[in-house]
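# coordinates for the following, if possible.
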Amino acid sequence: MPAVDFRVKFLEESPQIQAPPRLSVLEAVAFKQNFQQLCQGSPLPSQIIIDFSQTTFMDSSGLGALVSNLKTAQQQGIQLVLRNVRPQVMAVLSLTGLNQVFTIEEISEINPPTVTRRQEFQPPVTHPSVRSWLKRVIDIVGALVGLLITALLFIPIAVAIKLNSPGPIFFGQIRCGWMGKRFRMWKFRSMCVNAEALKSTVKNQISGPLFKNDRDPRITKVGRFLRRTSFDELPQFWNVLKGEMSLVGTRPPTPDEVEKYEVPEWQRLDVKPGMTGEWQVSGRSQIRSFEDVIRLDLKYQKNWSLMYDMKLILKTIVVVFLKNSGAV
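Reported below is the predicted structural model:
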């Protein structure tokens, strides 16, 4: 890990941390460690200031460290203040709604409050796939084809769901997308209507933040068929068309999962979540370790190319037709 100089100076009795020009995964880990050391001092400061006057890039790991620091400060009864936040960092905070959570102060003239032009607040390019216009074109074309298939299958699927279990046809769940931005992901309902309320009564068979149970009693008979064939995921083509997801990417986590992430694990949010990806074509029903999911997600980010996306799409088509390939 390269040395990162997190200078700390005191303004009256409040320590002020100087954030580095870049706040990505390596800097973010050190950032969290330095902040925790300040929160373990005696006496505890009533306020800690983070000066962002030099920071022009922050990815999802930097965001994760910042969220972790806020939690630590709140647990210790310390007020956390962000000062001199540049537009590049403000764009990330605004994207996730955290600009309404943090206390943000403008002191210097580096980033005056009058700077509100749209071009000044473009989110960072955390991964080449995020700004690839050709990948977006492929997503739109694929989503339109997928929605056409969904329309053709809608009536028999809807009737089967209704006959098997009274309740809505669709199930919407809040997930975290690129940089942690929340969105509602859609599926055909495969569980009983009160599945979320019953989640605490079902044993988790996977280590880490993920949740999985092969014999989950909340899944309906029709739901098991939908999951085995991956038909339950067809409505996600709507999320792809809207730009919230991609055809290929990382698995979209729930907010509960992200709450448990360590700083390096936030890297998986540097790309858009996908309907398919390394996790889905590598035997998702057999994967029982969160570390394996992270490894596969980072493998995708490292190897990404348009040809790699096409390869994973073709693999997915093959996997869908194999027995027991889908979620159960």
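
# how close does residue 224 get to residue 198?
Here the criterion is C-beta to C-beta, to the nearest Å. By it, residue 224 lies 16 Å from residue 198. Where you see a C-beta, it was placed from the backbone N, CA and C, and this is true even at glycine.

# which one's more surrounded, those two?
Between residue 224 and residue 198, counted using other C-beta atoms under 10 Å, residue 224 has the larger neighbour count: 16 against 13.

# wouldn't the more buried one be in contact with residue 191 here?
No. Counting by C-beta atoms under 8 Å, residue 191 is not a contact partner of residue 224; they are 10.1 Å apart.

# give the other helices and strands that the longest helix anywhere in the chain contacts.
Longest helix in the chain, counting residues (DSSP state H): helix 133-164. Judged by 3 or more C-beta pairs under 8 Å, 6 or more residues apart in numbering; DSSP states H and E, the packing partners of helix 133-164 are helix 221-229, helix 236-242, strand 246-248, helix 306-320.

# mind running it again at 10 Å?
Here helix 133-164 touches strand 170-176, strand 182-188, helix 221-229, helix 236-242, strand 246-248, strand 274-276, helix 306-320, going by 3 or more C-beta pairs under 10 Å, 6 or more residues apart in numbering; DSSP states H and E.

# and it, which residues are buried?
Across helix 133-164, burial judged by 16 or more other C-beta atoms under 10 Å covers 135-136, 138-139, 142-143, 146-147, 150, 157, 160-161.

# can you put these in TSV and add distance to residue 11 and pLDDT?
Shown next, in TSV, are those (distance: C-beta to C-beta, whole Å; pLDDT from 0 to 100):
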residue	distance to residue 11	pLDDT
135	46	97
136	45	97
138	51	96
139	48	97
142	53	96
143	51	97
146	55	96
147	55	97
150	57	97
157	61	97
160	65	96
161	60	95
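
# make TSV out of those residues and add distance to residue 218.
Listed next are the buried residues of helix 133-164 as TSV, based on distance: C-beta to C-beta, whole Å:
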residue	distance to residue 218
135	35
136	36
138	35
139	31
142	30
143	29
146	26
147	27
150	24
157	19
160	17
161	14
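
# pretty sure residue 141 contacts residue 247?
Yes. Using C-beta atoms under 10 Å, residue 141 is in contact with residue 247, at 9.4 Å.

# before we move on, which element is the closest residue to residue 206 other than its chain neighbours in?
Excluding its sequence neighbours, the residue lying closest to residue 206 (C-beta to C-beta, 6 or more residues apart in numbering) is residue 212, at 4.3 Å. In the assignment (DSSP states H and E), residue 212 maps to no helix and no strand.

# residue 212 reaches residue 257, doesn't it?
No. Assessed by C-beta under 10 Å, residue 212 is found out of contact with residue 257, at 11.8 Å.

# compare those two and say which is more crowded by neighbours.
The neighbour comparison of residue 212 against residue 257 (other C-beta under 10 Å) goes to residue 257, with 19 against 16.

# tell me how far the more buried one lies from residue 275.
In this view, residue 257 and residue 275 are 18 Å apart by C-beta to C-beta.

# pLDDT on stretch 278-293, on average?
What stretch 278-293 shows for mean pLDDT is 77.

# got the end-to-end distance for that stretch?
9 Å (C-alpha to C-alpha, to the nearest Å).

# circling back to that earlier point, out of the buried residues of helix 133-164, which is nearest to residue 102?
residue 136 (30.7 Å; C-beta to C-beta).

# between residue 141 and residue 247, which contacts overlap?
Residues touching both residue 141 and residue 247 by C-beta atoms under 10 Å, 6 or more residues apart in numbering: none at all.

# okay, now the unreliable bits of the stretch 201-328 of the chain?
283-286, 288, 323-328 (pLDDT under 70).

# residue 40 - that's part of a strand, no?
No. Counting by DSSP: H, G, I helix; E, B strand; the rest coil, residue 40 is not part of a strand but coil.

# thought it was touching residue 76?
Yes. If you go by C-beta under 10 Å, residue 40 and residue 76 touch, sitting 8.7 Å apart.

# neighbour count winner among the two?
residue 76 (15 against 10).

# list the residues that contact that one.
Counted by C-beta under 10 Å, 6+ apart, residue 76 has contacts 36, 38-40, 44-45, 48.

# by neighbours, which of those residues wins?
residue 48 (22 neighbours).

# got the end-to-end distance for stretch 251-270?
End to end - C-alpha to C-alpha - stretch 251-270 spans 12 Å.

# make that stretch 79-95, sorry
23 Å.

# what do you get for stretch 194-212?
Stretch 194-212: ends 17 Å apart by C-alpha to C-alpha.
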